[in-house]
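>>> return atomic coordinates for the entry below.
(one chain, ligands or ions: 1)
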Amino acid sequence: MTTRIIILPCEGVKREFVAKVQLWANEVLEKKGPLAAPAFISINIWKRMGELQSFYQQEKQELGIATGEETDFLATHEAWRGHPRIHICQERVKDVPAVVIQGVLHHEISHALHHGTPEFYTFRYSTKLQEAGRICGLDLALLQQCVYLLSVALKDYDVVTWLTDIGLGVGQLRLLEYMISDTEDERRIWEVVCANPAPRKLALALFLKTILPIEALVSLSVEKAEIIKNQWKEAYRWLSATIQEWLFLFAHNTMSCRDKPFQKRLENMTFKLISEASL
Ligand SMILES: [Zn+2]
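Residues are numbered from 1 along each chain as shown. Predicted coordinates for the structure are as follows:
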């Protein structure tokens, strides 16, 4: 099935920017093959961050949605109105290199193609998982956050793997390189939580968002992926070597279960992270 892209630029958005967004979105669609995909994807291009923020606020209020702040990301996707929508803001990406924005567009289009159904946004908390959570100090609210962070990492792993399979892995390499170029916020978070077992698990789940896709690129032999892996180790040098090793091993184990359904992989991943006593 062909997927149509509908671009909705705000007033004042530069025409050249709109043309590039269209081009980068098409690069993915042209290569997607016979994948079952939504009939259309809309891309909202916002001029200023304020506009994007008030849109999100209004939609959440109207639809009763309670999720965190999305405006930190370079681009976002959701399907609150029944079809995938991507949001990108010209002001937010004005100092970001074009190759990185291209990687972001590829990434978000892939999410829209693969993760548009409720299966990827709802999760059943088994008794076994809740019990394991309680043992390490995670109540249901913290466990939910942990599952959310791991689901983001797992979805990103799937997206990067798929994009590499269709020949667009290099853009993801650029995007990951950009993402790990500044880890100051994460370092600060780690400093605050590392002595506290429960939030410490959440921080580790957060770090997997870049490790899993990097390991995907390495295992698929994308050129320069090993270099990015070393850059990651350097960027996160404030994590001990033991923790770094464990995180990469964890990523490896997760990858070996690629054929299992998403929910099962997510549950296994969560269980392993929270029940690992040495972390
Ligand atoms: Zn993503």
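
>>> next SSE downstream of the helix or strand harbouring Ala19?
Element membership for Ala19, per DSSP states H and E: helix 15-29. Later in the chain than helix 15-29, the nearest helix or strand by DSSP H and E is strand 40-46.

>>> buried residues, that following strand. List them.
Using 16 or more other Cβ atoms under 10 Å as the test for burial, strand 40-46 gives 41-46. (Glycine included, C-beta is placed from N, CA and C.)

>>> how many degrees apart are it and helix 15-29 in direction?
Calculated by axes from the mean of the first three to the mean of the last three Cα atoms, to 10 degrees, strand 40-46 forms an angle of 150 degrees with helix 15-29.

>>> show me what the longest helix along the chain is packed against.
Longest helix in the chain, counting residues (DSSP state H): helix 140-165. Helix 140-165 makes packing contacts with helix 98-114, helix 127-135, helix 169-179, helix 197-219, helix 241-255, helix 262-275 when contacts are defined by 3 or more Cβ pairs under 8 Å, 6 or more residues apart in numbering; DSSP states H and E.

>>> make JSON lines out of those helices and add mean pLDDT, mean neighbour count and distance to Glu78.
Shown next, in JSON lines, are these (pLDDT from 0 to 100; neighbours: other Cβ atoms under 10 Å; distance: least, Cβ to Cβ, whole Å):
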{"stretch": "helix 98-114", "mean pLDDT": "96", "mean neighbour count": "23", "distance to Glu78": "9"}
{"stretch": "helix 127-135", "mean pLDDT": "93", "mean neighbour count": "14", "distance to Glu78": "26"}
{"stretch": "helix 169-179", "mean pLDDT": "96", "mean neighbour count": "22", "distance to Glu78": "19"}
{"stretch": "helix 197-219", "mean pLDDT": "95", "mean neighbour count": "22", "distance to Glu78": "18"}
{"stretch": "helix 241-255", "mean pLDDT": "93", "mean neighbour count": "16", "distance to Glu78": "25"}
{"stretch": "helix 262-275", "mean pLDDT": "94", "mean neighbour count": "19", "distance to Glu78": "18"}
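
>>> columns distance to Ala25 on top of those helices, output as a markdown table?
Shown next, in a markdown table, are the helices and strands packed on helix 140-165 (distance: least, Cβ to Cβ, whole Å):
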| stretch | distance to Ala25 |
| --- | --- |
| helix 98-114 | 5 |
| helix 127-135 | 37 |
| helix 169-179 | 12 |
| helix 197-219 | 20 |
| helix 241-255 | 28 |
| helix 262-275 | 24 |
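
>>> quick one, which of the ones you listed is nearest to Phe120?
Of all the helices and strands packed on helix 140-165, helix 262-275 sits nearest to Phe120, with 6.3 Å by Cβ to Cβ.

>>> contacts for that closest one, please.
In this structure, residues lying in contact with helix 262-275 by Cβ atoms under 8 Å, 6 or more residues apart in numbering are 119-120, 123-124, 126, 128-129, 132-133, 135-136, 138, 143, 146-147, 150-151, 154, 158, 201, 204-205, 250, 253-254, 257-258, 260, 279.

>>> tell me what angle it forms with helix 127-135.
Using the same axes, to 10 degrees: helix 262-275 against helix 127-135 is 30 degrees.

>>> quick one: helix 262-275 to helix 98-114, angle?
If you take the same axes, to 10 degrees, helix 262-275 sits at 120 degrees to helix 98-114.

>>> Three-state assignment for Asp259, please.
At Asp259 the chain is in coil, as set by DSSP: H, G, I helix; E, B strand; the rest coil.

>>> that one: neighbour count?
7 (other Cβ atoms under 10 Å).

>>> show me the contacts for Val96.
So, once contact is read as Cβ under 8 Å, 6+ apart, Val96 ends up touching 74, 178.

>>> go through the helices and strands packed on helix 140-165 and name the closest to Lys229.
Minimum separation from Lys229 across these (Cβ to Cβ) falls at helix 197-219, 5.4 Å.

>>> any idea which helix or strand comes after the closest one?
For helix 197-219, the following helix or strand on the C-terminal side (DSSP H and E) is helix 225-235.

>>> which neighbouring elements make contact with that next one?
Applying 3+ Cβ pairs under 8 Å, 6+ apart, one finds that helix 225-235 contacts helix 169-179, helix 197-219.

>>> what's the angle from the helix or strand where Arg188 lies to helix 241-255?
Under the criterion of DSSP H and E, Arg188 resides in helix 184-193. Interaxial angle of helix 184-193 relative to helix 241-255 (the same axes, to 10 degrees): 110 degrees.
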